[in-house]
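Asks: This is a predicted model, with the sequence first.
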Amino acid sequence: MTSDATPPTPPLSPIAFLKGHGTENDFVIVPDPGNELELPASLVAALCDRRAGIGGDGLLHVVRSAAHPEARTHAGEAEWFMDYRNADGSIAEMCGNGVRVFARYLQRAGFVDAGDLAIATRGGVKRVHIDKDGDVTVAMGRALLPEDGVTVTVGGRSWPARNVNMGNPHAVAFVEDLDHAGSLYSPPPFTPASVYPDGVNVEFVVDRGPRHVAMRVHERGSGETRSCGTGACAVAVAAARRDGADPAVTGAPVRYTVDLPGGRLVITEHPDGEIEMTGPAVIVAEGHIDPALLAVPA
């Protein structure tokens, strides 16, 4: 006897997850070494939703490089690929704070020990060092310093802003008081607009001491965030040039401490131009995602 009835859909299996942050830039971590999971943008956005999901500034999809088509060419150099997604589900090339948390997960899971490792990203292979004291250092690449800057205006006050590119654009303004930056929910106006036709991350910076600054940042598309790794690097480079320090000229590295609303990062610029970012990375929770959430329409 045969039946034309549609067989029942097998139940969805729970997906393991962890939650972590680096200077309060927080992420949902989804381990998937074999790249077996489908993570449509709608599901990523649901997981990152702070009210109806787990909540995060982004999602770290942990995959072996050999198992992911975008990273297979890096498999001989970096075993693991950080398939990073923004909170809205869109794909991104890199996230400096995210790489530190990614490395901390690999250590927690027993895949790596303290010391040096390489992590593949869409922005290239990143060199990472897990310190025995718990901090994680990431080689962030070199800064570009275009000559054209802008003037940033908030609440009737205006400041010149240094143009620094860390693979993404930054405008760094030194101010008297961080409160002068206003709410930072909306993009701070700047002129001329032609310098950043696709928008810009704007950092407001005050001095705290010798080679020690504090900052707030408006990240384009996100508003004010608790931490921005590339922004901290841009601030350190801008502060060094303002202070007359250039490692390429002196042959000596320059190090700045950068305080952000979510914590502290240490940025070192080396004579060859390479910039290293050092800071904490913390895993705060782990569990399983309810299968009902996984049924979000694509």
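Replies: Thanks, I have the structure now.
Asks: So for N168, what's the nearest residue that isn't a sequence neighbour?
Replies: T230 (5.8 Å; CB to CB, 6 or more residues apart in numbering). All C-beta spots, glycine's among them, are computed from the backbone N, C-alpha and C.
Asks: Might you calculate how far the host helix or strand of that neighbour sits from the centre of the chain?
Replies: Element membership of T230 [criterion: DSSP states H and E] is helix 229-242. For helix 229-242, the separation from the chain centroid amounts to 16 Å (computed by CA atoms, centre = their mean, to the nearest Å).
Asks: coming back round to it: and the residue nearest to N168, how many neighbours does it have?
Replies: Around T230 there are 27 other residues, counting by other CB atoms under 10 Å.
Asks: now swap in S158 and tell me
Replies: 14.
Asks: likewise G279?
Replies: 25.
Asks: how near is the closest residue to it other than its chain neighbours to R255?
Replies: Once flanking residues are discounted, G279 sits nearest to L265: 4.2 Å by CB to CB, 6+ apart. According to CB to CB, to the nearest Å, L265 stands 11 Å off from R255.
Asks: Of those two, which one has the most company?
Replies: The neighbour comparison of L265 against R255 (other CB under 10 Å) goes to L265, with 29 against 18.
Asks: Pass me the low-pLDDT residue ranges in the stretch 151-298 of the chain, would you?
Replies: 296-298 (pLDDT under 70).
Asks: my hunch is that V99 is in a strand, does that hold up?
Replies: No - assessed with DSSP: H, G, I helix; E, B strand; the rest coil, V99 is helix; it does not lie in a strand.
Asks: T153 against A181, yeah?
Replies: No - applying CB atoms under 8 Å, one finds T153 not in contact with A181, separated by 11.2 Å.
Asks: what about these two, which has more around it?
Replies: A181 (25 against 14).
Asks: contacting residues for the more buried one?
Replies: 154, 175, 188, 204, 216, 218 (CB atoms under 8 Å, 6 or more residues apart in numbering).
Asks: Can you name the next helix or strand after the helix holding T230?
Replies: helix 247-250.
Asks: any idea of the mean pLDDT for the helix or strand harbouring D116?
Replies: Using DSSP H and E, D116 maps to strand 115-121. Average pLDDT, strand 115-121: 96.
Asks: just checking, what packs against it?
Replies: strand 80-86, helix 96-108, strand 124-130 (3 or more CB pairs under 8 Å, 6 or more residues apart in numbering; DSSP states H and E).
Asks: out of the ones you listed, which comes closest to P69?
Replies: strand 80-86 (10.1 Å; CB to CB).
Asks: ok, now how distant is D131 from D113?
Replies: The value you get for D131 to D113, if CB to CB is used, is 12 Å.
Asks: what do you get for A52?
Replies: With CB to CB as the criterion, A52 and D113 are 38 Å apart.
Asks: residue closest to the middle of the chain?
Replies: Geometric centre of the chain, nearest residue: C95, 2.7 Å, by CA atoms, centre = their mean.
Asks: wait, what's in contact with that one?
Replies: Per CB under 8 Å, 6+ apart, neighbours of C95: 25, 58, 82, 84, 229.
Asks: if we go to 10 Å?
Replies: 22, 25, 27, 57-58, 60, 82, 84-86, 101-102, 121, 123, 228-230 (CB atoms under 10 Å, 6 or more residues apart in numbering).
Asks: What of P160?
Replies: Counted by CB under 10 Å, 6+ apart, P160 has contacts 149-152, 171-174.
Asks: at 6 Å what do you get?
Replies: With contact set as CB atoms under 6 Å, 6 or more residues apart in numbering, P160 has these partners: T151.
Asks: Okay, and it sits in which element?
Replies: P160 belongs to strand 157-165, assigned by DSSP H and E.
Asks: contact partners of the helix or strand just after that strand?
Replies: Counting by DSSP H and E, the next helix or strand C-terminal to strand 157-165 is strand 169-174. Outside of strand 169-174, the residues that reach it under the criterion CB under 6 Å, 6+ apart are 150, 152, 159, 161-162, 164, 196, 200-205, 231, 234-235, 238.
Asks: next helix or strand past strand 169-174?
Replies: strand 190-191.
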